[in-house]
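Enquirer: would you be able to build a 3D model of this:
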Amino acid sequence: MARAVTDARLLARALADPAIVVGLDADGWTALLAMARAEQLIGTLAMRFDGLPMPGAVKAILADARDAAEQGRRAALWEAEMARRALASIDCPVVLLKGTAFVAAGLSAGQGRSIGDLDILVPRASIDAVEAALLAAGWEWVKPDPYDDAYYRRWMHELPPLIHRERDRMIDVHHTILPLTARITPDADALIDSSVPLENGLRTLSPNGMIVHAAAHLFADGDLAGGLRNLWDIRCLVDEFGVESLEAEAKRHGLSREVARSLRLVASLFGDGSARGLDRLYIRRITARDGWGRPIRPVTRLAFYVRSHWLRMPPAMLAKHLWTKWRKG
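Expert: Residues are numbered from 1 along each chain as shown. Got it, this is the predicted structure:
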């Protein structure tokens, strides 16, 4: 396959149908690997391509990526275990989120996945006890600034980020899945109540809960940075579990539009669907990488960045927040 696609749709197509890379030319491989690294999908790509014929240099790069993904998996599971031990004395459910949840539950979405911080969800009523237990176990604040601390505690869906002083690993402690200032207010208690226990006592969201969370993160909170990886998560979850009762779950959390859009974009990028209307703009943002893995389409990126702040808080609050951050440098 000669390289014809000049944005990250090349990566999306290769993930969906690995066989298309057989016969890819040198420029095509360079573009594909550069995009995969930039989108933190190189480990996933390596797992998908295992056993395919490819140039020796590419095979070595992907072998390293598989090794790195496996190291990341072990580190993520160990960090989850450390959090479990730190919180064992607290009588509350601890729900793993995102990549750590996928690998802990052995899901296809976790195969080769890049995993950064440890994200957990706990009941809001338990947040003070969870915070105290983590501080006692060696975590400390990343953002000691009083304004940032107050902003997180009053308006955000999580504690200020914490990092462990010895292991240098971060944990984000959520009490819901969207900022309290957002226009959409998911039912965090329902997400926790429907969560699935693991053998070690930790929990994961239900499959539908995982999809709802991924869609919320993509379309109701952020600027779509990392959007291709999140859409691939959704594709894997849908393939593994289907969409039974998903519509009802999305409606319960006020995220019907976001979940529906995520399914349409999954069909467009990884299947035979075609994007229409505003979906084409979302695709344009999500695939904004050139053949060297560099970000492109700066106007589109800026528009989605502004949109992400607009979604997070009302205009007057946003203006005050940005003014305060600007004055603080």
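
Enquirer: spatially nearest residue to Ala26 (excluding sequence neighbours)?
Expert: Excluding its sequence neighbours, the residue lying closest to Ala26 (C-beta to C-beta, 6 or more residues apart in numbering) is Pro55, at 7.8 Å. The way it works is simple: take the backbone N, C-alpha and C, and place the C-beta from them, glycine included.

Enquirer: could you say what helices and strands the helix or strand encompassing Ala65 packs with?
Expert: Here Ala65 is covered by helix 56-86, with elements defined by DSSP states H and E. The helices and strands touching helix 56-86, judged by 3 or more C-beta pairs under 8 Å, 6 or more residues apart in numbering; DSSP states H and E, are helix 26-38, helix 42-49, helix 98-104, strand 118-121, helix 127-136.

Enquirer: so how far is that helix from its chain's centroid?
Expert: With C-alpha atoms, centre = their mean, to the nearest Å as the basis, helix 56-86 stands 16 Å off its chain's centre.

Enquirer: what is the burial count for the closest residue to Tyr152 other than its chain neighbours?
Expert: Residue nearest to Tyr152 in three dimensions, not counting chain neighbours: Pro160, with 4.3 Å by C-beta to C-beta, 6+ apart. Pro160: 19 surrounding residues under other C-beta atoms under 10 Å.

Enquirer: pLDDT wise, what is Pro160 at?
Expert: With respect to pLDDT, Pro160 has a value of 89.

Enquirer: touching, it and Ala150? I think so.
Expert: No: between Pro160 and Ala150 there is no contact, the gap being 9.4 Å when judged by C-beta atoms under 8 Å.

Enquirer: shared neighbours of the two, anything?
Expert: The contact sets of Pro160 and Ala150 do not overlap (C-beta atoms under 8 Å, 6 or more residues apart in numbering).

Enquirer: for the helix holding Ala65, buried residues please.
Expert: Neighbour counts over helix 56-86 (16 or more other C-beta atoms under 10 Å) mark 58, 61-62, 65-66, 69, 72-73, 76-77, 79-80, 82-84, 86 as buried.

Enquirer: pLDDT of it, averaged?
Expert: Here helix 56-86 scores 97 as its mean pLDDT.

Enquirer: what's the very next helix or strand once past it packed up against?
Expert: Scanning forward in sequence from helix 56-86 by DSSP H and E, the next helix or strand is strand 95-96. Packing contacts for strand 95-96, counted by 3+ C-beta pairs under 8 Å, 6+ apart, involve strand 118-121, strand 203-204.

Enquirer: host element of the residue nearest to Tyr152?
Expert: Counting by DSSP H and E, Pro160 is found in no helix or strand.

Enquirer: any idea how far it is from Pro179?
Expert: Per C-beta to C-beta, to the nearest Å, Pro160 is found 13 Å from Pro179.

Enquirer: which residues do these two both contact?
Expert: Contacts common to Pro160 and Pro179, judged by C-beta under 8 Å, 6+ apart, are absent.

Enquirer: ok, back up a step: farthest-separated two in the buried residues of helix 56-86?
Expert: With distances taken as C-beta to C-beta, the most widely separated pair in those is Val58 and Ala86, at 41.7 Å.

Enquirer: on that earlier part again, which one of the helices and strands packed on helix 56-86 lies nearest to Trp292?
Expert: Closest among these, using C-beta to C-beta: helix 26-38, at 5.3 Å.

Enquirer: in the closest one, what counts as buried?
Expert: If you call a residue buried by 16+ other C-beta under 10 Å, then helix 26-38 has these buried ones: 28-38.

Enquirer: and it, how far out from the chain's middle?
Expert: Distance of helix 26-38 from the chain centroid (C-alpha atoms, centre = their mean) equals 21 Å.

Enquirer: what's the average pLDDT for that helix?
Expert: For helix 26-38, mean pLDDT is 96.

Enquirer: what's in contact with that helix?
Expert: Contacts of helix 26-38 (C-beta under 8 Å, 6+ apart): 1-3, 8, 10-11, 14, 21, 24, 41-42, 44-45, 54-55, 58, 61, 289-295.
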